[in-house]
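# Build the 3D model from these lines:
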Amino acid sequence: MISSILILYGSQTGNAQDVAERISRESKFLDISPRILPLDSYDVSELPRETAVVFIVSTAGQVAAKKLYRRLCSLGATACLDLGLGDDQHPSGYEAALDTWLPRMWDSFCSAFQWSFGMRPDDQGQLVDLGLPKYKVTFLTATSSLPVIIDLILTEEQRLQAAVEAAAAFRRVSAQASGQRVMREDETASVSEKAQFGPSHPFLAPVLENRRITSSDHFQDVRHIALSLRGSGTMECYEPGDLVNVWPLPEASLCEAFLSRLGLDGDTLIQVQANDPPAGCHLEVSIGTIRSFIEGVLDVTGASPRRRFFQVLSHFTPDTSEIEKERLSYFSSVEGRDDLYRYNQREGRSVLEVLQDFKSANPPLEWLLETCPLMKARQFSISSSSRMHPGEAHLTVAVVDWNTPYKRRRRGLCSSYLANAAPVGSQGLGQNSACSNQHSASKVAVWVEKGSLRMPMSLLVPLILIGPGTGVAPFRSFLQHRAVLMRCRANKLNSQSSPLTSEPLKESQPSSDTDIDASCVEGGNISACDDEVEPAPCSLFFGCRYRDKDCYYEEEFRKFQQDGVLTQGEAGFCVAGSRDQPQKVYVTNKLMEHELHVWKLLENHGAHVYVSGSAQKMPSDVLATFESIVTRKGGMSMEEAKQYMRQLEFKGRYHVEAWS
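This next block holds a predicted model:
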């Protein structure tokens, strides 16, 4: 009989982590000791010594579930049962598959390890004893050894600073509460590492510009946001394809409503620590006001809670409120799963709204910290070049705004926050903003990460860029960078042909013309051989609804065509306005319209293809279009065309960055 089980998860949106924690709870019920870790925190060399491992891997973002499965099989791992394939787009969410798969998982372990148990795990809302929460919360008072000064009227920047500090400290406490060994920061970080900005220490970037780039009568509000990265060190030297993480701040009025609903004083100081930290480790603690935890650690105004939250809420609803208690218990059961999905996920209900609906529930902070959705940074592709706009990072942000099936208006937390960000020195909100001025800010907490799209630095590599909607953001960065490279090339050729080559460059010349060393090939600089050959073709396929309403940056892209950054003619900058004519036209139609041009770039010139945008149908439709072009112009069968495209991906010539 096994006495322990290792649970590894790779999560993008929190679904995989939620499943992992559910398996951990069920294993404890069966007297099996669980170890639960994110995949990137596990020492893979230890894997051969493990007996039973459950992998919960997201298929969203950059988490490669299929590749992991194939690799495990190739290493000799034995699957105890078939894969559990959950889909959060299912009418009942991913739990529709999980609820039937988990019992079979325990049965398979029972068979594989001669393991017997009398009572089955019960994770469906009927637990009488929830056990100990993961966290211990201690209410503190100011003493001489712990001086506390609380400004009752915090500025937006002070709220932001308190929120990110609480989140950073809680992240270490949370890791320890999950059984991870957390090293002291002062033991693991060098002086240079401590100076770097990241999730534990975001940079407060001043907002330089915030303007709407869709017409005022268009349903979609899309913003061009310019942030200053001056003083952020290496962040200023981001590369095309990199990402900016933005830490959002919820509306103060909604956070105050949450505190009021639970009868909490937001200025009260608390200390949070793991209830059962790993033995032999120093104890991580997070200290801050309740308000800073509500605004920086928990997402109580944006994200919808998970089923576990309703189970806990039922436990903390008095028996005297029979109807509410029964309803919460029903929602947390398998039988109530579909109704919960309709009430909660499909309606996009927040924790605050659920608590307002179930007025008798009174969960303590310990359980809120464990079961509420955690605040997460949102990633945006940088839509500028650090060489064309030194010290700045531009974002192209679509403000999320929709109506639920019951006509309740929902707005995205982070996109609304950015849309309301007031540029430094301005008197009001972002241009054309329609939100409350309580939500405005002059600084935004950010850090930069490497993206999955890496631009070839040689001008001799042809590019086919496909970016519908805000998917065009990284390609604006590509094209600006390419424009700088071409300007450098032209300046160098001019200086070589001029008799005044010994004359130094004037100080007023833009730094973007001189910052690029013409000696490196792939290290991020212009290739030396690029000087002698004309730059390769570059085509941008952009998709929008109406050319006169939401064709972002059209004037800039047309200028790139004039300057030779994009190929001349319609195949250089091709716009698919899907609603400009009775029959809808998408980027896939435009690719087929220019199929000969596309095929020649692929087959004869070794073009690199980049696809960026929504993860729903667009990436698969674009791939199918390329396969069709290969069959039509390359004379291949469909199976040969599929293999051809797989080879492009394998060789690093077909790149996709998609998000849901």
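# Now do the lengthiest helix in the chain: which elements does it pack against?
Taking DSSP state H as the criterion, the chain has its longest helix at helix 473-497. Helix 473-497 is packed against strand 378-381, strand 392-398, strand 463-468, strand 538-544, helix 554-562, strand 608-614, with contacts defined by 3 or more Cβ pairs under 8 Å, 6 or more residues apart in numbering; DSSP states H and E. From N, CA and C alone the C-beta is placed, and that goes for glycine too.
# Relative to the whole chain's centre, how far out is the fourth one?
Translated: strand 538-544. Chain-centre distance of strand 538-544: 24 Å, with Cα atoms, centre = their mean, to the nearest Å.
# ditto for stretch 196-206
With Cα atoms, centre = their mean, you get 16 Å for stretch 196-206.
# measure it end to end?
18 Å (Cα to Cα, to the nearest Å).
# partners of the closest residue to residue 379 other than its chain neighbours in the sheet?
Nearest in space to residue 379, with sequence neighbours left out and distances taken as Cβ to Cβ, 6 or more residues apart in numbering, is residue 243 at 4.8 Å. Counting by DSSP bridges, residue 243 forms beta bridges with residue 381, residue 449.
# residue contacts, residue 243?
379-382, 448-451 (Cβ atoms under 8 Å, 6 or more residues apart in numbering).
# Of these, which count as buried by neighbour count?
Buried members of the contacts of residue 243, counted by 16 or more other Cβ atoms under 10 Å: 380-382, 448, 451.
# Make a markdown table from those and add distance to residue 496 and pLDDT to it.
Formatted as a markdown table, the buried ones among the contacts of residue 243 follow (distance: Cβ to Cβ, whole Å; pLDDT from 0 to 100):
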| residue | distance to residue 496 | pLDDT |
| --- | --- | --- |
| 380 | 40 | 97 |
| 381 | 36 | 97 |
| 382 | 33 | 98 |
| 448 | 36 | 97 |
| 451 | 35 | 92 |
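# Name the nearest of the contacts of residue 243 relative to residue 569.
residue 381 (26.9 Å; Cβ to Cβ).
# show me where the stretch 501-650 of the chain has helices.
547-550, 554-562, 587-593, 595-603, 618-634, 638-650 (DSSP state H, counting those that start in this stretch).
# correct me, but residue 568 touches residue 558?
No. Counting by Cβ atoms under 8 Å, residue 568 sits too far from residue 558 to count as a contact (11.1 Å).
# what's stretch 652-660 in contact with?
Here stretch 652-660 makes contact (Cβ under 8 Å, 6+ apart) with 13, 60-61, 241, 379, 381, 451-454, 471, 474, 606-616, 618-619, 626, 645, 648.
# Give the ChimeraX command for selecting the buried subset of those.
In ChimeraX syntax, the buried subset of these is picked out as below (16+ other Cβ under 10 Å):
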select :60,61,241,381,451,453,454,471,474,607,608,609,610,611,612,613,618,619,626,645,648
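# returning to that earlier point: closest to residue 277 among the buried ones among the contacts of residue 243?
Closest to residue 277, out of all of the buried ones among the contacts of residue 243 and judged by Cβ to Cβ, is residue 448, at 32.2 Å.
# roughly how far apart are that closest one and residue 235?
5 Å (Cβ to Cβ, to the nearest Å).
# overlap in contacts of these two?
197, 229, 393.
# Ranking by neighbours, what's the top pick from those?
Among the shared contacts of residue 448 and residue 235, residue 393 has the most neighbours (other Cβ atoms under 10 Å), with 28 neighbours.
# Quick check: that one touching residue 238?
Yes. The criterion here is Cβ under 8 Å, and residue 393 meets it with residue 238 at 6.6 Å.
# And the helices in the stretch 251-400 of the chain, which stretches?
Using DSSP H, counting those that start in this stretch, helices in the stretch 251-400 of the chain cover 252-262, 290-296, 307-315, 322-331, 337-340, 351-357, 365-371.
# Would you format the ones you listed as a markdown table with mean neighbour count and mean pLDDT included?
A markdown table is the format used below for the helices of the stretch 251-400 of the chain (neighbours: other Cβ atoms under 10 Å; pLDDT from 0 to 100):
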| stretch | mean neighbour count | mean pLDDT |
| --- | --- | --- |
| helix 252-262 | 17 | 96 |
| helix 290-296 | 26 | 96 |
| helix 307-315 | 23 | 94 |
| helix 322-331 | 18 | 96 |
| helix 337-340 | 18 | 93 |
| helix 351-357 | 18 | 98 |
| helix 365-371 | 21 | 96 |
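# can I get those helices in JSON lines with distance to residue 444?
Output for the helices of the stretch 251-400 of the chain, formatted as JSON lines (distance: least, Cβ to Cβ, whole Å):
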{"stretch": "helix 252-262", "distance to residue 444": "16"}
{"stretch": "helix 290-296", "distance to residue 444": "14"}
{"stretch": "helix 307-315", "distance to residue 444": "29"}
{"stretch": "helix 322-331", "distance to residue 444": "36"}
{"stretch": "helix 337-340", "distance to residue 444": "34"}
{"stretch": "helix 351-357", "distance to residue 444": "23"}
{"stretch": "helix 365-371", "distance to residue 444": "25"}
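# Looking at the ones you listed, which is nearest to residue 27?
Nearest to residue 27, of the helices of the stretch 251-400 of the chain and by Cβ to Cβ, is helix 307-315 at 15.2 Å.
# So what's the gap between that closest one and the chain middle?
Taking mean C-alpha positions (Cα atoms, centre = their mean), helix 307-315 and its chain are 27 Å apart.
# what's it in contact with?
Residues contacting helix 307-315 (Cβ under 8 Å, 6+ apart): 18, 21-22, 95, 123-125, 127, 130, 325, 328-329, 331-332, 337, 340, 344, 351, 354, 358, 361, 363, 367, 370-372.
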